[in-house]
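Colleague: heads up, no residue letters with this:
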């Protein structure tokens, strides 16, 4: 495995990881894609308030982020991490309840779409201000160290857009100072909303920043599931073994708008022809067919199962009551006797 | 024995570290042999190894780290070197800590210590009072201790509270204010204190301005006026009942705060008293804040920028004549 920092691994033809893990990852990717396509159609039908933000094209990176984490590890997913969230253990109902505004969801109508999490289950709930969750992950890992726990890691996701914030910089620096077992996976999907890379950063390669922070840095072809599993899996392993914090920079194209309100008409044809613009899910499926990991009937069965799970989660959430303003306690602190007597 | 406001803050932290293994202190220069820019953590790093940690100049990451640790069972105390610098951590304090319980049902018990307020020669970036700004946002408790006793007991209470607390300690009081002993009991947070009883006018204030107000009350007593002085202790929650009860006794209200004048704690008090106790008022309520400019460096300008005893007395006399 790669041990030197800032090493680029270019794979011409995808090489399967151990079959079981590859297939497990593929299945989560398939579930995420199926779910998000359904969410998009609900949004277009006016059944989701707010926005829908999908991880289309980023599922291979994302699933690898969730797949190698164990019980007790900390996961700080971001906007395009449905596959990783599912692989980490987030129930589909958490997603559909949050998007559809069920009072039974983890956010109970108080927050929506991708701003969800279950901190008690170590899945942090992102805020919109990018970069902020890196240091929060560091703090969670420090708490574990204070408690005397062993054999844990944290994984915090970011995009190349979020990498340009001051908060991200401070978070990376403090992670290295505290020497916590952290993996930061940065997915360069080539656009911060509509802004292309050349107006986001001017360095040669984002992974070069790793050495400046005191991280070990690696790059990965985010369209290649095998590569993602290898590189992110290894990074998690190294962090768990006590190596310095790890930065993995993946290259993909966001195969959607920023949100579903955005037609992404600014994405140039030239970009769409680049190797990183390939669809990781299609490539993974091609590998499955080429190497004959699954027969066609099983693949069909898996698709059917994903669709059934999604339909079930949506139909359950749709039947549930929405939050009611007059039943809401309107209280932003947990210490009830310290609520300000404003009204 | 005599103990200063600053020593009380140090002693409270020592007690917290001693009594509660979940507590750690995180901030610039707090560790090592240095013990903080104002020495509020002097000696603590040695006494509690690994629990009083220096940080880089990264206010955002200091708070972010504290949030992560707090939601996983720790009770971090973050020392901002000056309250003014907490502006670069506003996002983490307001948008992350302040929203977390509401959004996720998991509270974030962090205590953020803000060395606040003006001292001579400190200028625009080492003098600010930010309690009104923090109180404006939901999800935070904002403490403004004015006495040595409160500096001690409220810091201990801040760490015990399950929600984020912004603890505004006043630098002007650090060395000047002394008490004989540390307190053994205290009012709970959220309860204001009648610092001086009176019947002609209520001055509601907090933090360092309490002492200016008490000096004015002393002075006006020689002119035959009895001024009641209310020390809010915390601006959020704001003890409206104690204020209203005082105004019911005096019929006149003057609010004094050191923060900037637009909006803020003093305006909030007047809004509440006017809405809920309009019938109690014999004259239009008044307020006095710092001027609406950055805080000046030169002592001649600085002493006129903040409310001072002379200005408070002038405003009080005008109100008493109405």
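Modeller: Perfect, thanks for sending it. None of these values were measured; they are calculated from a predicted model.
Colleague: which residues of the stretch 1-150 of chain B lie near chain A?
Modeller: For the stretch 1-150 of chain B, the residues in contact with chain A (CB under 8 Å from any CB of the partner chain) are B:22, B:24, B:55-56, B:58, B:60-74, B:76, B:88, B:91-92, B:95-96, B:98-107, B:138-141. Yep, even glycine has a C-beta here, placed from its N, CA and C like the rest.
Colleague: buried subset of the residues you listed?
Modeller: Neighbour-count burial (16 or more other CB atoms under 10 Å in any protein chain shown) is assigned, among the residues of the stretch 1-150 of chain B next to chain A, to B:22, B:24, B:55, B:58, B:60-72, B:74, B:76, B:88, B:91-92, B:95-96, B:98-104, B:106-107, B:138-141.
Colleague: out of the residues you listed, name the ones that lie in helices.
Modeller: B:60-70, B:98-104 (DSSP state H).
Colleague: so, low pLDDT: which residues of the stretch 51-200 of chain A?
Modeller: Residue ranges of the stretch 51-200 of chain A with pLDDT under 70: none are present.
Colleague: strands of that one, start to end?
Modeller: A:74-76, A:154-159, A:182-188, A:191-192, A:195-196 (DSSP state E, counting those that start in this stretch).
Colleague: got those as a markdown table, with mean neighbour count and distance to residue B:250 columns?
Modeller: Formatted as a markdown table, the strands of the stretch 51-200 of chain A follow (neighbours: other CB atoms under 10 Å in any protein chain shown; distance: least, CB to CB, whole Å):
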| stretch | mean neighbour count | distance to residue B:250 |
| --- | --- | --- |
| strand A:74-76 | 27 | 53 |
| strand A:154-159 | 28 | 56 |
| strand A:182-188 | 29 | 58 |
| strand A:191-192 | 21 | 58 |
| strand A:195-196 | 13 | 60 |
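Colleague: tell me which of those strands sits nearest to residue A:257.
Modeller: strand A:191-192 (9.3 Å; CB to CB).
Colleague: which residues sit against the closest one?
Modeller: Contact partners of strand A:191-192, identified using CB atoms under 8 Å, 6 or more residues apart in numbering or on different chains, comprise A:159-161, A:164, A:197, A:200, A:254, A:258, A:264, A:266-267.
Colleague: partner strands of that strand and their direction?
Modeller: Strand pairing for strand A:191-192, using DSSP bridges, gives strand A:195-196 (antiparallel).
Colleague: following element in sequence after the partner strand, please.
Modeller: For strand A:195-196, the succeeding helix or strand toward the C-terminus, using DSSP states H and E, is helix A:209-213.
Colleague: list the helices and strands the next helix or strand after that next one packs on?
Modeller: Using DSSP H and E, the next helix or strand after helix A:209-213 towards the C-terminus is strand A:216-221. If contacts are counted by 3 or more CB pairs under 8 Å, 6 or more residues apart in numbering or on different chains; DSSP states H and E, strand A:216-221 sits against helix A:209-213, helix A:225-240, strand A:246-251.
Colleague: check contacts around residue A:64.
Modeller: A:25, A:84, A:185, A:225, A:228-229, A:231-233.
Colleague: that one and residue A:24, how far apart?
Modeller: Per CB to CB, to the nearest Å, residue A:64 is found 11 Å from residue A:24.
Colleague: buried residues in stretch A:286-306?
Modeller: A:287-288, A:293-294, A:299, A:302, A:306.
Colleague: any idea how far residue A:308 is from residue A:207?
Modeller: Taken as CB to CB, the span from residue A:308 to residue A:207 is 40 Å.
Colleague: show me the contacts for the residue nearest the centre of chain A.
Modeller: By CA atoms, centre = their mean, chain A has its centre lying nearest to residue A:81, at 2.4 Å. Residue A:81 makes contact with A:55, A:58, A:62, A:65-66, A:114, A:157, according to CB under 8 Å, 6+ apart.
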